[in-house]
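Novice: Next come a sequence and a model predicted from it.
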Amino acid sequence: MKKHFLIATIMVPFMIFVGYALTDWYLKRDQQKSALLPLRLDTPGCTLQNGCQLHAKDFVITLRAEDNRIIIKGNQRIKDAMLEAVDILPPSKGIQADADGYIWQWTLPKSLPEKATLHFVIAGHWQNYLGELTAAP
C-alpha cells in the first residue's frame, strides 16, 4: 500500500505538467498565423459548369457555377471562405451551405460572363489557401 502511494505521489506532478504543456501547445497551434498556400488548377481549360478542381498539398476543392451561384466544395472542413468575381461581385464572405462546413456558396447579382476571373481565400483548419481562376462558365 505504501509503495502505491509513493509512486502516485511521484507521478501525479509529472502527469499534471505533461497535460498542461500539451494543452497549451494544442491551443497555441490553432492561433498561429499561417502563410497563404496557393491553390493550383488540376486541369487547365476547365469550365465552371462542369467544375474546376484545385489543390494544395492534400487539400482539394471543386469550384462550380450553377445558375447565379458559385459553389465551393472541399475535401476537408472549411472554416471560412471569401470570393471576388472580378467586375461582378466585390470580395464577400461565403455562406456555409451544409452543417459540416464542406460546402460554401455565393449568390451573384448577374450571370458570369464568358471569361470570369475569380479570386478566393479559404481558411481551412490549420492552413489558409489563396486561389485565382479564370474560366468559362
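Specialist: Cool, the structure landed. Keep in mind it's a predicted model, so treat the numbers as computed, not measured.

Novice: any idea which element V18 lies in?
Specialist: Using DSSP states H and E, V18 falls within helix 2-31.

Novice: Now do that helix: distance to the chain's middle.
Specialist: On the basis of CA atoms, centre = their mean, to the nearest Å, helix 2-31 sits 33 Å off its chain's mean C-alpha point.

Novice: list the helices and strands it packs on?
Specialist: If you count contacts as 3 or more CB pairs under 8 Å, 6 or more residues apart in numbering; DSSP states H and E, helix 2-31 packs onto no helix or strand. Quick note: C-beta positions are derived from backbone N, CA and C, even for glycine.

Novice: Kindly list the main-chain dihedrals of the most centrally placed residue in the chain?
Specialist: Centroid check for the chain by CA atoms, centre = their mean gives G124 as the closest residue, at 2.6 Å. Phi and psi for G124, reported as degrees, to the nearest 10, are phi -90, psi -170.

Novice: Please report the distance of it from A65.
Specialist: 22 Å (CB to CB, to the nearest Å).

Novice: Domain-wise, how is the chain divided?
Specialist: The record assigns the chain these domain ranges, following automatic domain parsing: 1-32, 36-135.

Novice: Where among these is average confidence lowest?
Specialist: Lowest mean pLDDT within the domains of the chain: domain 1-32, a mean of 83.

Novice: on that earlier part again, most packed of the domains of the chain?
Specialist: Among those, judged by mean count of other CB atoms under 10 Å, the one packed with the most neighbours on average is domain 36-135 (a mean of 16).
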